[in-house]
Structures are given as C-alpha cells and as structure tokens.
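*Asks:* Sequence and predicted structure, then a few things I'm wondering about:
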Amino acid sequence: MSVEIKIALNDGIYLKDPQDSVLGRNILKHSIVLIDNVGFETFNFKKLAQEMGSTEASVYRYFENKHALLLYLVSWYWGWVSYLIKINTMNIEDPKKKLEIIIHSFVSASVDNPSTEYIDENKLHSIIIAEGTKAYRTKDVDKENGKGFFKNYKQLITTVADVILAINPKFKYPYALASSLFEMSNDHLYFAKHLPRLTDIKEEKNKHCEVENMLNYFSFKLLSYEIFIQVD
C-alpha cells in the first residue's frame, strides 16, 4: 500500500486546505483536468462545479477565486519537485551527482505518482508549462510575496543554489542559475511543442531526455569556469 503524500502550502492561499477532504481533493483533481483541457482564461468555478457534479458554493469554501486556485496548484508543484529532490538525493554526498539528480527531478516530476491519486502530475506539469507564470506575474505579486505565497518556490531554488555553491563556491550567480535551470526545464518543452524556432529540443518521444542533457551541459559548463570577468 502506497503512503499518501501531503505537500505543505502557505495557508493564506486557500480558505480550507483541499488536501484534507474528499471534496477538496476532487476540486484539485477536476480543476487540473479542466484547466489542462480549456486553458486558465476560459476556466471558471461554474464549469468546475459542473465537471465535478457539485456547486460553485462548494468550490468557494476552499478558494476565494480562480487565481488562488492556480497559485495553489503551482505552489503544490513547487513543493512536489522539492519533495522529489529530497527523496532522490538522500544519502548522496557528491554535489555534482546531486545536481544531476536535481535536473533529472526537474524533468521527471511530471511522471504520475500513485501516492497522489487526486493529482495527475502529467497534466499538472502541462499547466505549469502553459499557465504557471500567471500565478505570480501579476500586479499583486509584491503583496502576495509579502504574505509568503511563493515560499515553496524560494525553498526549491535555495536548495538548488546551495548545491551549485557546493560544486563551485566561487560561482557568483547560484540563485540565477538555479531558477534558470528550473524555468528552462519547463520552457523548452513548451517551445519544442509550440515555438520550435526558440529551442534546439525536438518535439519527439525523447524530448525529456534532450532537455535533461541540455540542462546538464549548460550547468556544468558554467560551473567549470574558475575565472570570472570582473565588472567595475
């Protein structure tokens, strides 16, 4: 029997944590399917309630609006990737090996996991690629950041940045590289499918392996430099 996993999120994002009830888990499950099918702009709570066979009022008991729901899903995914990194790097001492595992975790986080049966990680990953930035590239980003809504993302990037510094303590931009690696793991899958002239990744069955190879090449080439240009 698999152990159910619960990802901790900032309680300001939701009114009631959907992970804690059958109805809430159904909200997450059906919202992922619906957003993946119709897109976030077209998605609304009325359609979600119809998809679930429930009422709009039941959804509003968990989230104030659809932005909060998207932020919850994106934050859950950030926490999920952090969880995978923690599990996959357990007992690994070599920081270079850790970074390889982290990059693999970035790319493979979309594989559906039976421990989270109400979350389809594959569909959620599609949402992260296509809609994820809409959760934090908003006019209210500073206010929401002040409330700690992006803590899961910050923790994820800090974990990666620490590994980067363990590989090369002289590297000046560990957080920039860490966030770039994560965003690239998503962006180039999207580019391969929709904007192929923006990437070298091909829309083929092995595209995830291609992205992983690209990220390893990019990161270890940068980290191999020991001399940096000093800017006055």
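*Replies:* Nice, I can see it.

*Asks:* now the strands for the protein?
*Replies:* Counting by DSSP state E, the chain has no strands at all.

*Asks:* elements contacting the helix ranked longest in the chain?
*Replies:* Longest helix in the chain, counting residues (DSSP state H): helix 66-88. Here helix 66-88 touches helix 22-38, helix 95-108, helix 121-131, helix 151-167, going by 3 or more C-beta pairs under 8 Å, 6 or more residues apart in numbering; DSSP states H and E. The way it works is simple: take the backbone N, C-alpha and C, and place the C-beta from them, glycine included.

*Asks:* let's see 6 Å
*Replies:* Applying 3 or more C-beta pairs under 6 Å, 6 or more residues apart in numbering; DSSP states H and E, we find helix 66-88 packed against helix 95-108, helix 151-167.

*Asks:* what's the closest of those helices to F43?
*Replies:* helix 151-167 (21.9 Å; C-beta to C-beta).

*Asks:* Tell me which residues of the closest one come out buried.
*Replies:* Neighbour-count burial for helix 151-167 flags 151-153, 156-157, 159-161, 163-165, 167 (criterion: 16 or more other C-beta atoms under 10 Å).

*Asks:* Output the below-cut-off pLDDT ranges for this protein.
*Replies:* Residues of the chain meeting the criterion pLDDT under 70: 1-3, 225-232.

*Asks:* okay, now H194: neighbour count?
*Replies:* 11 (other C-beta atoms under 10 Å).

*Asks:* thinking again about what came up before, in JSON lines, list the helices and strands packed on helix 66-88 along with distance to A135.
*Replies:* Listed next are the helices and strands packed on helix 66-88 as JSON lines, based on distance: least, C-beta to C-beta, whole Å:
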{"stretch": "helix 95-108", "distance to A135": "18"}
{"stretch": "helix 151-167", "distance to A135": "9"}
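
*Asks:* that older thread, quick check, nearest of the buried residues of helix 151-167 to I5?
*Replies:* Using C-beta to C-beta, N152 comes nearest to I5 of the buried residues of helix 151-167, at 14.1 Å.

*Asks:* That closest one reaches S75, doesn't it?
*Replies:* Yes - between N152 and S75 there is a contact at 4.8 Å, judged by C-beta atoms under 6 Å.

*Asks:* is it true that I7 touches W76?
*Replies:* Yes - using C-beta under 6 Å, I7 is in contact with W76, at 5.1 Å.

*Asks:* When those two are compared, which one has more neighbours?
*Replies:* Remark: of I7 and W76, W76 carries more neighbours, 24 against 17, as counted by other C-beta under 10 Å.

*Asks:* Contact partners for that one?
*Replies:* For W76, the contact set (C-beta atoms under 6 Å, 6 or more residues apart in numbering) comprises I7.
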